[in-house]
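# below are the sequence and a predicted model; questions follow.
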Amino acid sequence: MTAMKAGRGVAWNPWWLALRARRIGTALTMIVLLGALIVIAFTSTYGFAGRGGAITPVVRIIPVALGTVVGIASGSVRPDVEKLAGRRLEATVVVSLLALTVFAILVAAVAAYVGGAYMSEVAFILLRGTLAYCGIAMMSAALLGHYYAWVLPIISVPAVTLMGFDNLGVPYPWNVLSAELSELVSWLMAFGAVLVGLAAITMTMRRATRRPILSIQRGS
């Protein structure tokens, strides 16, 4: 009886419900695989050409994919089950997304170390890019649905890689994939993107939970 109660307690735990509904296990696996891709990409000579002869190495684009994985995980594939978590659902989702973002950053850091770029400028640029695109993907998920978390990140890539440099090939401060580490604007944009993304996800969840109540009131 005790084992059955413990099993039920785990099954109805809001954390467990949110994690299962968002397939966090799959997201963690994808992030690790992308980390391995970062290691491989360090040896690549390919890149995206921009203004002024600037080149954005392909390894700096992988944070776009890392962020997209986090954005997709912000949406639930079983909203009916997840609602059983009750009022604690919002906090559970926000904390789990923050943890997933931190995990993506750690994987990028480990990949940079294995790839030979430990404590280098490229390593910190990867971390900044991952942070920024986790936020951008969450915004996209909140606006378009979590299956379309890739839309805003993909749209932004040409803008950043092509137009993110001046005529001399110097990256603009807002270019989170190439700007100098000393550019405060790029870091503010990265952290700001995550905060806005989390706020957008929270607002979307609140609207979704209020909809059934409003429809019942209208029908009565």
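In hand now; what should we look at? Remember, it's a predicted structure, so these values are computed and weren't measured experimentally.
# residue ranges of the strands in the chain, please?
Here the chain has its strands, by DSSP state E, at 47-49, 55-57.
# and the ones you listed, which is most packed in?
strand 55-57 (a mean of 18; mean count of other C-beta atoms under 10 Å). In short, each C-beta sits where N, CA and C put it, glycine included.
# other residues contacting it?
Outside of strand 55-57, the residues that reach it under the criterion C-beta atoms under 8 Å, 6 or more residues apart in numbering are 41, 44, 46-50, 122, 160-161, 164, 177-178.
# and with 7 Å instead?
With contact meaning C-beta atoms under 7 Å, 6 or more residues apart in numbering, strand 55-57 is reached by 47, 48, 49, 50, 161, 177, 178.
# stretch 181-192 now?
By C-beta under 7 Å, 6+ apart, stretch 181-192 touches 121, 124, 128, 131, 132, 173, 174, 175, 176, 179.
# now for the last one, how many residues are close by?
Looking back up the chat, that one is residue 179. Using other C-beta atoms under 10 Å, residue 179 is surrounded by 23 other residues.
# verify the contact between it and residue 166 for me.
No: Residue 179 is beyond contact range of residue 166, at 11.6 Å (criterion: C-beta atoms under 7 Å).
# residues that sit against both of those two, list them.
If you check residue 179 and residue 166 against C-beta under 7 Å, 6+ apart, the residues they both contact are residue 172.
# how near is the closest residue to residue 67 other than its chain neighbours to residue 192?
Nearest residue to residue 67 in three dimensions, chain neighbours excluded: residue 133, at 2.8 Å (C-beta to C-beta, 6 or more residues apart in numbering). Distance, residue 133 to residue 192, by C-beta to C-beta, to the nearest Å: 13 Å.
# ok, now residue 174?
Taking C-beta to C-beta, one finds residue 174 at 11 Å from residue 192.
# go on, residue 168?
Taken as C-beta to C-beta, the span from residue 168 to residue 192 is 27 Å.
# and the two? Which one has more around it.
Neighbours per residue, other C-beta under 10 Å: of residue 168 and residue 192, the larger number sits with residue 192, 13 against 9.
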